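1. Pasted the sequence and its predicted model underneath.
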Amino acid sequence: MDGQSPLRRWKPFFAAFGLVDAAIEAAAGPALCRDELRSARGDVVELLCGVPAGAAGEELCAVLDGFMAESLLTLRAVPAEAVPRALASSAGLAEAVASLRRHQSARVSALARDVVRGWSAAVEADVARTSAAVRKLDDLCRAKASDASRPLSSKTKPRTEEKAKAAAAAAVPVSLPKTAPPSEEKMEATKRKHREGYWEVEEAKRQRKVKEIKPPKMLEQRQRKMHPILRERSKARCGNSTAVRRCLVSSFERV
């Protein structure tokens, strides 16, 4: 029967073991690993499941009481600044530890009450520190706001004006040399090219006038262009004129 089982005292509190172990590990880190205690506690629970009610069962329950007392002592030794991490390890931790205050073991219930009182004091101190920090921040914000709304004194006003003038002078853009638009540059380049071309043409004309012009062979050019019949007549005329010139020369020589 359940009433005769040696585990009757621990059935409502078994969940507290795992929650307390997790809280200790969260607060202290890997330096306080609880794996060996979990293994030893599991062995005790297995023995209790196979032992009938009697002296042996009560002794095993006392061993479980010792395991929980050790866990609560370690949890109570957690520094106040680490309590928030311990409480954040599980949502049901505070309720599980508070329920241990009703445990049949006087030592377990007393340690559970100590842990709860320590947590309450740590939480209140943390709330007080947070409130003080918030008030200090509010005071700083109000002081800055009052300084900003306060009119400038006669001593600080000239300095402020000088700083403003210096900033304005630094902000004046530096005048850059004017550059002609791209269209004007192209027009100027075109004008230069036209002028250069004009002077080149004039120079070529002048050179042609200075050079000695050789008389072209007009007769040969005309004869090449003439019709064959006209070419023969032209040769005949040239031959007659040559004969006439020879006759005239010989007559002058005789005279």
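-> Thanks, I have it.
2. Show me what the strand or helix carrying residue 69 is packed against.
-> Using DSSP states H and E, residue 69 sits in helix 55-76. Helices and strands touching helix 55-76, by 3 or more CB pairs under 8 Å, 6 or more residues apart in numbering; DSSP states H and E, are helix 14-28, helix 35-49, helix 106-149. Yep, even glycine has a C-beta here, placed from its N, CA and C like the rest.
3. which residues sit against the helix or strand just after that helix?
-> Later in the chain than helix 55-76, the nearest helix or strand by DSSP H and E is helix 83-88. For helix 83-88, the external contacting residues (CB atoms under 8 Å, 6 or more residues apart in numbering) are 23-24, 26-27, 75, 78, 93-94, 118-119, 122-123, 126.
4. out of the residues you listed, who's nearest residue 43?
-> residue 24 (20.1 Å; CB to CB).
5. residues contacting residue 129?
-> Residue 129 touches nothing, counting by CB under 8 Å, 6+ apart.
6. how close does it get to residue 80?
-> Separation of residue 129 from residue 80 (CB to CB, to the nearest Å): 10 Å.
7. just residue 20 next, same as before
-> Separation of residue 20 from residue 80 (CB to CB) stands at 18 Å.
8. what's the answer for residue 73, then?
-> According to CB to CB, residue 73 and residue 80 sit 16 Å apart.
9. Ok, residue 90 next?
-> Applying CB to CB to residue 90 and residue 80 gives a distance of 19 Å.
10. more crowded one of the two?
-> Between residue 90 and residue 80, counting by other CB atoms under 10 Å, residue 90 is the more crowded of the two (17 against 13).
11. Once you drop chain neighbours, what's closest to the more buried one?
-> The spatially closest residue to residue 90, leaving aside those adjacent along the chain, is residue 19, at 5.0 Å (CB to CB, 6 or more residues apart in numbering).
12. Extract the residue ranges of the stretch 51-200 of the chain that are flagged as low pLDDT.
-> When residues are selected by pLDDT under 70, those of the stretch 51-200 of the chain lie in 149-165, 167-184, 186, 191, 193-195, 197-199.
13. Kindly recompute the last result at 80.
-> Residues of the stretch 51-200 of the chain that meet the criterion pLDDT under 80 lie in 51-55, 126, 142-200.
14. residues making contact with the helix holding residue 69?
-> By CB under 8 Å, 6+ apart, helix 55-76 touches 5-7, 9-10, 13, 16-17, 20-21, 23-24, 32, 37, 40-41, 44-45, 47-48, 51, 86, 97, 100, 103, 105, 107-108, 111-112, 114-115, 118.
15. Isn't the residue nearest to residue 90 up against residue 94?
-> No - if you go by CB atoms under 8 Å, residue 19 and residue 94 don't touch, sitting 9.3 Å apart.
16. Residue 124 versus the closest residue to residue 125 other than its chain neighbours, what's the distance?
-> Using CB to CB, 6+ apart and skipping the chain neighbours, the partner closest in space to residue 125 is residue 80 (6.3 Å). In this view, residue 80 and residue 124 are 10 Å apart by CB to CB.
17. Near residue 94, how many other residues are there?
-> Burial of residue 94 is recorded as 18 neighbouring residues (other CB under 10 Å).
18. so what's it up against?
-> Counting by CB under 8 Å, 6+ apart, residue 94 touches 87, 116, 119.
19. Which strand or helix spans it?
-> helix 93-99.
20. Please parse the chain into its domains.
-> Split into domains by automatic domain parsing, the chain comes to 2-129, 218-255.
21. Make JSON lines out of those and add distance to residue 189.
-> Putting those into JSON lines (distance: least, CB to CB, whole Å) gives the following:
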{"stretch": "domain 2-129", "distance to residue 189": "79"}
{"stretch": "domain 218-255", "distance to residue 189": "45"}
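22. just the ones you listed: most buried one?
-> Neighbour counts (mean count of other CB atoms under 10 Å) averaged over each of the domains of the chain peak at domain 2-129, with a mean of 16.
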